[in-house]
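S.K.: Provide a 3D model corresponding to the input given below.
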Amino acid sequence: MTRLYLIRHGRPASVWGGDDGDPGLDVEGEAQAEFAARTLLTLPQNERPRRVASSPMRRCLETARPLADALGVHVEIVPGVGEIPTPSALDPQARGPWLRQALQGVWSQVRGDLDYEAWRQGVRAAVAARPGAAIFSHFVAINGVVSLLDGDDAVIVFRPGHASITTLDMTPDGLRLLSRGAEAPTGVL
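M.R.: Numbering: from 1, shown residues only. As a prediction, the model looks like this:
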C-alpha cells in the first residue's frame, strides 16, 4: 500500500464568488498552509508524502508551497485536480447559483456542457496516478473522489475545512479512503 493525501487549499484572500477568480491565500490561509505542512512532516517516515501535486489555482499552489519547500521538491501542477468546470454558456456571475444548485444534488443530475460524472472519475484517476503524493485541491474535487470511494452519488458527502487532510491508500484494488479531513462550516454552500 502507498499512502497519499488530499489537502483542501487554505483560506483564500477573497470570498467565494468574489471578483477575483483566482485569489491567493489570506494571512489565516498562509498559517493553515504552514500547519498542514508541519502535520504531514511529523508523520512516520513510511507515511510521509514524497511528492507534492497541486491544482493550478493560486490558493492551492500557495497552500502546497510550504510542504514542497520543506521536502525540497517541486510542485507538480495537475489540472485534473482543479476546480469543477463551469458550463461554458454561463457568465461568471451565474457560476454561484449554478454551483449552489449542483452541490445540493447528485452527480448524475449536475447539468452543463460537460459530463460531470466523467469529470469526477477523472479527478480520481489524477489522484490515483500520484502515489506517495500530497495533492492540494478543492472542496468539490475532494468530494468527488470521496463520494466515489464511498459509493455515494451525492455531490457533497462531507465539508472539508481549509487545509484539511484526507488520507487515502493506494492498494492493488485501487484507492481506499482511510480518513476524511477535518470538517468545518463553509461558504461554498
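
S.K.: Could you name the residue of the chain that is farthest from its center?
M.R.: When distances are taken from the C-alpha mean of the chain, residue 89 lies farthest, 24.8 Å away, according to CA atoms, centre = their mean.

S.K.: so what's the closest residue to it other than its chain neighbours up against?
M.R.: If you skip the residues right next to it in sequence, residue 89 has residue 113 as its closest partner in space, 6.5 Å away by CB to CB, 6 or more residues apart in numbering. Where you see a C-beta, it was placed from the backbone N, CA and C, and this is true even at glycine. Applying CB atoms under 8 Å, 6 or more residues apart in numbering, we find residue 113 in contact with 87, 88, 89.

S.K.: sorry, back to before: any idea of the pLDDT on the residue farthest from the centre of the chain?
M.R.: Residue 89 is assigned 86 on the pLDDT scale.

S.K.: cool, residue 14 as well?
M.R.: pLDDT, the model's per-residue confidence, is 80 for residue 14.

S.K.: got it, and residue 186?
M.R.: Checking the pLDDT column for residue 186, the value is 74.

S.K.: so where do the strands sit in this structure?
M.R.: 2-8, 51-54, 75-77, 133-137, 165-171, 174-179 (DSSP state E).

S.K.: mind listing what's buried in the fifth one?
M.R.: The reference is to strand 165-171. Within strand 165-171, the residues scored as buried using 16 or more other CB atoms under 10 Å are 165, 166, 167, 168, 170.

S.K.: For stretch 167-178, measure first residue to last.
M.R.: As for stretch 167-178, its first-to-last residue distance stands at 5 Å under the measure CA to CA, to the nearest Å.

S.K.: Sorry, wrong one. I was asking about stretch 108-122.
M.R.: For stretch 108-122, the first and last residues are 15 Å from each other (CA to CA).
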